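K.L.:
here's my sequence, what's the structure:
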Amino acid sequence: MAEETKSLGAKKSVTVTILIDWLLYDIMNETFLRGRTLQNKDNHKEVASMFASEDEENREKILRSIKRGFAEVQTELGEYLDEDGTVTDNSHYDGSEDLKLPLVMPSNFNEAATKGVGEAVHAYLANTAIADWYTVTNKPDAEQYSVIASRNMEMIRQTVSKRKRPVRPVDKPKE
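P.N.:
Below you'll find the model as predicted:
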């Protein structure tokens, strides 16, 4: 999900790519599994409405939630974000392009945290979208997913804050 490359100067370039197909799958799978655990002989219709799907009206709601969540991540990571953010609108995000976060990290950023950044962003987007979805279809569980998303945002903060310990220089032998 995230890859680290060396850039010019002391900074490190890290690109987080969220593959939209996998994000949508995780959202749909989570709502399916949660609904299945709640299903009984009396609530088939209610449980069926909990399942997020690729139907146009469902997809529109989920993609709007993903767009909003991604904007929140961009705001949170603003000090590291490497893009021109001077233009915005409330246009529709159609999910045809994967989401990318081009980050410029300090030279002592711990590359071991790179994958963690991508996973935390993915989890945040999935859980915020599920919380939004459940606000409409399953109010009792909506707050739980909002809390999980808050923890995911904290993990994003933690992972981008990972730094390497300085390396002690080795004295060169005197000639």
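K.L.:
alpha carbons only for contacts and neighbour counts from here, please
P.N.:
Will do.
K.L.:
Three-state assignment for Pro102, please.
P.N.:
The three-state label given to Pro102 by DSSP: H, G, I helix; E, B strand; the rest coil is strand.
K.L.:
was I right about it contacting Val14?
P.N.:
Yes - here Pro102 reaches Val14: they are 6.2 Å apart, a contact under C-alpha atoms under 8 Å.
K.L.:
which one of the two has more residues nearby?
P.N.:
When Pro102 and Val14 are compared for neighbours, Val14 comes out ahead with 25 against 18, by other C-alpha atoms under 10 Å.
K.L.:
centre of the chain to the longest helix seen in the chain, how far?
P.N.:
The longest helix of the chain (DSSP state H) is helix 114-137. With C-alpha atoms, centre = their mean, to the nearest Å as the basis, helix 114-137 stands 6 Å off its chain's centre.
K.L.:
hey, C-alpha coordinates of that helix in PDB?
P.N.:
Taking C-alpha atoms only, helix 114-137 is exported to PDB below (Å, rounded to 0.1, in the frame of the first residue of the first chain):
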ATOM      1  CA  THR A 114       5.800   2.600   5.700                       C
ATOM      2  CA  LYS A 115       3.500  -0.400   5.400                       C
ATOM      3  CA  GLY A 116       1.800   0.600   8.700                       C
ATOM      4  CA  VAL A 117       1.000   4.000   7.300                       C
ATOM      5  CA  GLY A 118      -0.800   2.400   4.300                       C
ATOM      6  CA  GLU A 119      -2.700  -0.100   6.400                       C
ATOM      7  CA  ALA A 120      -3.800   2.500   8.900                       C
ATOM      8  CA  VAL A 121      -5.100   4.800   6.100                       C
ATOM      9  CA  HIS A 122      -6.900   1.900   4.500                       C
ATOM     10  CA  ALA A 123      -8.500   0.900   7.900                       C
ATOM     11  CA  TYR A 124      -9.500   4.500   8.600                       C
ATOM     12  CA  LEU A 125     -11.200   4.900   5.300                       C
ATOM     13  CA  ALA A 126     -13.000   1.500   5.600                       C
ATOM     14  CA  ASN A 127     -14.200   2.200   9.100                       C
ATOM     15  CA  THR A 128     -15.400   5.700   8.500                       C
ATOM     16  CA  ALA A 129     -17.300   4.500   5.500                       C
ATOM     17  CA  ILE A 130     -18.900   1.700   7.500                       C
ATOM     18  CA  ALA A 131     -19.800   4.100  10.300                       C
ATOM     19  CA  ASP A 132     -21.500   6.400   7.800                       C
ATOM     20  CA  TRP A 133     -23.200   3.400   6.200                       C
ATOM     21  CA  TYR A 134     -24.400   2.100   9.500                       C
ATOM     22  CA  THR A 135     -25.700   5.600  10.500                       C
ATOM     23  CA  VAL A 136     -28.400   5.000   7.900                       C
ATOM     24  CA  THR A 137     -28.800   1.200   8.000                       C
END
